[in-house]
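>>> Got a sequence here, can you model it:
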Amino acid sequence: MNIPLSEELKDFGTYRMITYTMEISKGAAGTTFYYQWKKGGSPEELGKQWRGGVSLHSHTWHSHEGLAFLPGAIQKLYFLPVLLRWAESRYERKWKRRFDYSQGYWTSPVAPGMARALEARQIEKLGLAPLVSLTDHDSLDASADLPDHPASLEWTAPYKGAIFHIGIHNLPYEEKGAILERLKAYTADPVHDSLGTVLGEIAALPDVLIVFNHPLSDQGRIGFEIHESRVKEFLARHRASIHALEVNALQPWNMNRRVANMADDARLPVVSGGDRHSFEPNGAINLTHAKSFAEFVREIREEKRSAVLFMPQTHRSLNLRYAENVRAVMDDYPELPGRQFWYDRVFYKCPDGVTRSFTELIGHHSYVLDVMDMALGALGVATVAARPLTPVFAESNRKISVSPEQ
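Below is the predicted model:
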């Protein structure tokens, strides 16, 4: 039976926002939602009740973001498909084979130290002590760059045609390397009978938190209904090894509402996820009484108690936020030698086994890259011009130094 939800439907011009509060039924996991723009969400009110804020699920330049979506995503974007085809043909003339987008990926311009500073600063402005867990895709390199940081990642877990993203937080440092290899081995060869064993072994580690990130996001592009059925089957089989489901600040409100109901059906708490890839801090955080990340894990795992705070950026158009973040990812950063331009941060595994940047593939001074850069920039500016940047994003993107040392 689903959790009763109380709703407020408000009109904000170009979009509708749904806010909801979970009414805990007997035996259900205890999750409370707060909204910073509503009563109870001000720094003064939060400081009276909570000690800290927890940022879960955000990315750095160690995350490899796939390019398979790109051709379909830009089909209706004016002359960009023509430019893309030009770049493909140039590659094909050199390598005598088609360009395979599944072999390419892009990376964020945000270094691990910068990512942690972005998240910590937002929490500190609320008068709360920050706890930050960075979760790059299938990588623990951020924890290597930040030795005092929780060893966390977002694991890509194929399941019967679906692709799930599982947030695994606070792995023991002495075991993280071996665990990462085990996770990568499953991703490369997903034997479904072994999934329960892998999850069970990690869940047995007492200070580790396992979160099903954006569970209703169809990463495998198999169709929403099929994907949802796989999610339900997965939870029915492996619920004992999952500690929480995620409401994601970059997913639509109606999708998060469905996730909240799904968590109630599974008798699991809900935690926050910002899914930050750029300079906009996470749009949702957890509130906590914990002094350490391990204490926070126990609040979720043992007490099954969670408090999620939605930040002001989620009070704005989701499409506009996407456009702003894309523009930031495409921007130039002279402070980052070797990563200054977007085409320095897009990579492709060539037939000889060497991974090269687009700069190396097409040429740093190639006019096609310059034209694509102008076209994408114009597209982003046109979208963002429909509404001014909020202070939160503007400050994050412009006033904080993007230093490779951070």
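>>> hey, let's count contacts and neighbours off CA atoms from now on
Will do.
>>> Domains in this protein, by residue range?
5-62+108-316, 65-106+319-389 (automatic domain parsing).
>>> Would you mind finding the most buried of those?
Ranked by mean neighbour count, the domains of the chain are led by domain 5-62+108-316 with a mean of 19 (mean count of other C-alpha atoms under 10 Å).
>>> who's in contact with the residue nearest to residue 108 when sequence neighbours are not counted?
Ranked by C-alpha to C-alpha, 6 or more residues apart in numbering and with sequence neighbours excluded, the top spatial neighbour of residue 108 is residue 61, at 4.5 Å. By C-alpha atoms under 8 Å, 6 or more residues apart in numbering, the residues touching residue 61 are 107-112.
>>> measure residue 274 to residue 337 for me?
As defined by C-alpha to C-alpha, to the nearest Å, residue 274 lies at a distance of 28 Å from residue 337.
>>> What residues does the residue lying closest to residue 252 once chain neighbours are set aside make contact with?
Nearest residue to residue 252, sequence neighbours excluded (C-alpha to C-alpha, 6+ apart): residue 318, at 7.3 Å. Residue 318 sits next to 250-252 when contact means C-alpha under 8 Å, 6+ apart.
>>> Tell me where the model's unsure across this structure.
Along the chain, the model assigns pLDDT under 70 to residues 1-29, 72-80, 363-406.
>>> which residues in it form helices?
In the chain, the segments counted as helices under DSSP state H are 43-49, 70-73, 80-95, 112-124, 141-145, 176-188, 192-203, 224-238, 253-265, 293-301, 318-330, 358-362, 367-384, 391-398.
>>> Which of those sits closest to residue 102?
Of all the helices of the chain, it is helix 70-73 that lies closest to residue 102, at 10.0 Å by C-alpha to C-alpha.
>>> How much space separates the closest residue in space to residue 141 that isn't next to it in sequence from residue 218?
Spatially, and ignoring its direct neighbours in sequence, residue 141 is nearest to residue 62 (6.6 Å; C-alpha to C-alpha, 6+ apart). Distance of residue 62 to residue 218, given as C-alpha to C-alpha: 23 Å.
>>> which ones are touching residue 297?
207-209.
>>> Distance to residue 151 added to those residues, as TSV?
Below are the contacts of residue 297 laid out as TSV (distance: C-alpha to C-alpha, whole Å):
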residue	distance to residue 151
207	11
208	10
209	11
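>>> Distance of the residue sitting nearest the centre point of the chain relative to residue 65?
Closest residue to the average C-alpha location of the chain: residue 275 at 2.2 Å, with C-alpha atoms, centre = their mean. Between residue 275 and residue 65 the computed distance is 12 Å (C-alpha to C-alpha).
>>> cool, residue 130 as well?
27 Å.
>>> can you check residue 354 too?
If you go by C-alpha to C-alpha, the gap between residue 354 and residue 65 works out to 18 Å.
>>> Equivalent analysis for residue 297, please.
From residue 297 to residue 65 the distance is 28 Å (C-alpha to C-alpha).
>>> Check residue 327 too.
From residue 327 to residue 65 the distance is 16 Å (C-alpha to C-alpha).
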